[in-house]
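Q: Any chance you could fold what I've pasted below:
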Amino acid sequence: MFAKELAYLNPELVFFYLSGVYANSSENGKIMWAKIKGKTERALNELHFKAVYSFRLGFIIPLKAQKNVRLIYKGLKLIYPFFFSK
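A: Numbering: from 1, shown residues only. Okay, here's the model as predicted:
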């Protein structure tokens, strides 16, 4: 595992992990990818880094310059501001 090697080489590192909104570190969830992301979060926390931060993003707004954005994301981008303010 890449993170194990990093922790071994420099335990003073701070590790940032981009996870998912439904990640489940108890591994009891129904969604397979959420179990895997939760298991990864737990494994990272057990390593000897100075600190580990896991970000569980729910939605990433596509940029205007992005190409090949799925239609569903274009629609969500339009209604997103009505549900979540700044």
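
Q: Where is the longest helix in the protein?
A: Using DSSP state H, we find that the single longest helix of the chain is helix 32-46.

Q: Helix or strand, whichever it is, which one in this protein has the lowest mean pLDDT?
A: One helix or strand of the chain scores below all others by mean pLDDT, DSSP states H and E: helix 71-83, with a mean of 77.

Q: Off-centre distance for it?
A: 20 Å (C-alpha atoms, centre = their mean, to the nearest Å).

Q: same deal with stretch 10-24?
A: 7 Å.

Q: contacting residues around the residue nearest the centre of the chain?
A: Nearest residue to the geometric centre of the chain (C-alpha atoms, centre = their mean): Ser19, 1.7 Å. Residues in contact with Ser19, defined by C-beta atoms under 8 Å, 6 or more residues apart in numbering, are 37-38, 40-41, 54-57. (C-beta placed from N, C-alpha, C; glycine too.)

Q: List the buried residues in the longest helix of the chain.
A: 34-35, 37-38, 40-41, 44 (16 or more other C-beta atoms under 10 Å).

Q: just curious, which of those residues is nearest to Val14?
A: Leu44 (11.3 Å; C-beta to C-beta).

Q: what's the neighbour count on the spatially closest residue to that closest one that is not a sequence neighbour?
A: In space, Leu44 comes closest to Val52 once its chain neighbours are excluded; the distance is 4.8 Å by C-beta to C-beta, 6 or more residues apart in numbering. Per other C-beta atoms under 10 Å, the neighbour tally for Val52 reads 18.

Q: tell me which element Phe15 is part of?
A: Assigned by DSSP states H and E, Phe15 belongs to strand 14-18.

Q: just Tyr53 next, same as before
A: strand 51-55.
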